[in-house]
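Enquirer: I would like the atomic coordinates for the input below:
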Amino acid sequence: MIAVILALLIVPLTAAIACAVLPARLAPVITPVSGVACFGLVLALIPAAGHRDLNYLSYLRVDALSEIFLLATGFLYGAVTVYSVGYLKHHHLDQDQYHRDRYARRFYAGLNLFGWAMLAAPIMGSLALLWIAVEITTIVSALLVAIEALPTDDGDGAAEAAWKYVLIASAGLGLALLATVFAYFAGSQVLGEHYNLAISPLIASAAHLPHTPVRLAFMLAVLGYGTKVGFFPVHTWLPDAHSEAPTPVSALLSGALLATSFYAILRYYQVASGNLGSGFPRDTLLAFGVASLLLAALYVFDQRDIKRLLAYSSVEHMGILAIGVSFGAPVALAGVLLHVLAHAAAKGNAFMGAGVFTVKFGTKQISALRGALDVLPWSGPLFLIAVFALAAMPPSGIFRSEFQIVYGGLDSGNYAAAAVLVVGVTVVFFGLTASATRMLVTPAPTRRALARSELRRGEPSAWMVVPMVAGVVVLLILGLHPPGELTGLIARAVTQLEATR
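Expert: Next comes the predicted model:
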């Protein structure tokens, strides 16, 4: 399995370098091959990770928990790389070939580097290397958010969003670095001064660590990595960055990056639960989760930009993950891990659908998007399915995961929090479906007007449709009958989270 893990680290990095130095016409070939290959490599790790921890030289580590997050990132990275081929065919059509090639080279290189960093984070065997990997995701994703400002002088919105993202995320990761320092101090008291922040021995010796530095490390990790997760009140970068970034980047930001940062919090949660008991870390996550869910419920009705609407939906779902972990019941934890996978597929599909709308209609404004079901025979229904999935409609994977989370909340006696979760999700459901109805069902201009305009019935590119079909298939599989090996993987990850309580 070491060869598979090393390949996961080498393939996307090699693809990024190749896209940066080779002719631009090769990038649309290299990138999808890299993305699909990485997803295949992640799938190959499932049998081994479902039965044992894979540790190598204390620097690389894959267990059941990290494999769940690798699956989410691997699938979305593969889907987005395919989608990007069609997306870039309709991008910057007003520029000459030289500027389009330069943009494509930067975009594909950055996209592969972004995928590499997010795949590397769950593989890192120490908290220090995990922090470095998450920091790299910040640098690369900020450049990708700002890429729209690079070829032209009219990208003020993208530059401002990227700058805001860098400021807030850097401040948060500064707190996360301080959390890493406190974790090292706590570990060195038991494991010796030469302790290298390896995750496995820190979790194994959690019960013997001094309480105060562990408590501080966990709080700083939730605040620090929480900026990348999108927890309230450190979420303010998220709507702007998601809105201004190229659509493939928005999909990765929402479906993969937020989850990767949540994975970092879970590692600190394991240590804190083993040292302090489950009460303090669960209460902390519950507070952040409820606040994030309520914020999304309030703001989802007031959005005029389709990508900002989906960004606030991401805040909602990160809140659901935090609430689910706070319940602590095994069924709720299983629901959280299933939710990570289902949210990646659903939110990726929603952003890819929004990208098709933007290409077809030439705008992100919800008020200008009308009659999409008529104009887009494939993307329209697929986007509607994604919205219904995000709103937890059966039989999607998100319905199954949220049902498990609510059931776990009731089973653990957290009736008030479970009720808040149900109410918050219901409110967001109405907000999402109301906007989707306006975009999809409200009549478009008359057919005579359509014949004179650019809005002719049909899809911009098959490359943009195929990944959305794959996402719907994944959502149905997760909702109706998850594969046995995946169920076993989730069960082992739940056992790992429970073992530290």
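
Enquirer: Which residues does the strand or helix carrying residue 9 contact?
Expert: Using DSSP states H and E, residue 9 sits in helix 2-21. The contact list for helix 2-21, computed with C-beta atoms under 8 Å, 6 or more residues apart in numbering, reads 26-27, 30-31, 33-35, 37-38, 41-42, 44-45, 54, 56, 60, 62, 70, 77, 105-106, 108-110, 112-113, 115-116, 119-120, 123. For glycine as for every other residue, the C-beta is placed from the backbone atoms N, C-alpha and C.

Enquirer: Check the chain for its longest helix and report it.
Expert: The helix that spans the most residues within the chain, counting by DSSP state H, is helix 156-191.

Enquirer: Now that one: buried residues?
Expert: Using 16 or more other C-beta atoms under 10 Å as the test for burial, helix 156-191 gives 158, 161-166, 168-169, 172-173, 175-176, 178-188, 190-191.

Enquirer: which regions of the stretch 1-150 of the chain sit below the pLDDT cut-off?
Expert: 92-95, 149-150 (pLDDT under 70).

Enquirer: Ok, the stretch 401-501 of the chain next?
Expert: 444-455, 499-501.

Enquirer: Which residue ranges of it form strands?
Expert: Counting by DSSP state E, counting those that start in this stretch, the stretch 401-501 of the chain has no strands at all.

Enquirer: Tell me how many other residues crowd residue 62.
Expert: 26 (other C-beta atoms under 10 Å).

Enquirer: which residues does it contact?
Expert: By C-beta under 8 Å, 6+ apart, the residues touching residue 62 are 1, 5, 45, 48-49, 53-54, 70, 122-123.

Enquirer: buried subset of the contacts of helix 2-21?
Expert: Buried subset of the contacts of helix 2-21 (neighbour count, 16+ other C-beta under 10 Å): 27, 30-31, 34-35, 37-38, 41-42, 44-45, 54, 60, 62, 70, 77, 105-106, 108-110, 112-113, 115-116, 119-120, 123.

Enquirer: Tell me which of the residues you listed fall in strands.
Expert: Of the buried ones among the contacts of helix 2-21, the ones assigned to strands by DSSP state E are 54, 60, 62.

Enquirer: Need those in JSON lines (columns: distance to residue 369).
Expert: Shown next, in JSON lines, are these (distance: C-beta to C-beta, whole Å):
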{"residue": "54", "distance to residue 369": "46"}
{"residue": "60", "distance to residue 369": "45"}
{"residue": "62", "distance to residue 369": "42"}
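
Enquirer: between these, which is nearest residue 328?
Expert: residue 62 (24.7 Å; C-beta to C-beta).

Enquirer: Write down the beta-bridge partners of the closest one, one by one.
Expert: residue 54 (DSSP bridges).

Enquirer: quick one, what contacts residue 307?
Expert: Here residue 307 is in contact with 242-243, 247, 250, 351, 354, 364 (criterion: C-beta under 8 Å, 6+ apart).

Enquirer: in what helix or strand does it lie?
Expert: Per DSSP H and E: helix 306-327 holds residue 307.

Enquirer: I'd like the next helix or strand past that helix.
Expert: Downstream of helix 306-327, the next assigned helix or strand under DSSP H and E is helix 330-361.

Enquirer: Buried residues, that following helix. List them.
Expert: Quick answer for helix 330-361 (16+ other C-beta under 10 Å): 330-361.

Enquirer: before we move on, what about stretch 414-434?
Expert: In stretch 414-434, counting by 16+ other C-beta under 10 Å, buried: 414, 417-418, 420-421, 424-425, 427-429, 431-433.

Enquirer: OK, contacts around residue 82?
Expert: 32, 35-36, 463, 466-467 are the contacts of residue 82 under C-beta under 8 Å, 6+ apart.

Enquirer: go with 6 Å
Expert: Counting by C-beta atoms under 6 Å, 6 or more residues apart in numbering, residue 82 makes contact with 32, 467.

Enquirer: mind checking how far whichever strand or helix holds it is from the chain centre?
Expert: In this assignment (DSSP H and E), residue 82 forms part of helix 64-89. In terms of C-alpha atoms, centre = their mean, to the nearest Å, the centre of helix 64-89 is set 10 Å apart from its chain centre.

Enquirer: before we move on, what about stretch 280-294?
Expert: Chain-centre distance of stretch 280-294: 19 Å, with C-alpha atoms, centre = their mean.

Enquirer: ok, now stretch 238-257?
Expert: Centroid separation for stretch 238-257 versus its chain: 9 Å, with C-alpha atoms, centre = their mean.

Enquirer: In CSV, list the C-alpha atoms belonging to it.
Expert: Extracted C-alpha coordinates of stretch 238-257, given in CSV (Å, rounded to 0.1, in the frame of the first residue of the first chain):
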residue,chain,number,x,y,z
LEU,A,238,-16.3,32.0,2.4
PRO,A,239,-19.3,33.6,0.4
ASP,A,240,-17.0,36.0,-1.4
ALA,A,241,-14.3,33.5,-2.3
HIS,A,242,-16.9,30.9,-3.5
SER,A,243,-18.6,33.5,-5.6
GLU,A,244,-15.6,35.0,-7.3
ALA,A,245,-13.5,31.8,-7.9
PRO,A,246,-13.8,29.9,-11.1
THR,A,247,-16.6,27.3,-10.8
PRO,A,248,-14.3,24.2,-10.6
VAL,A,249,-12.4,25.9,-7.8
SER,A,250,-15.6,26.8,-6.0
ALA,A,251,-16.7,23.1,-6.1
LEU,A,252,-13.4,22.0,-4.6
LEU,A,253,-13.4,24.8,-2.0
SER,A,254,-16.9,23.8,-0.8
GLY,A,255,-16.9,20.1,-1.2
ALA,A,256,-13.3,19.2,-0.3
LEU,A,257,-11.4,22.0,1.4
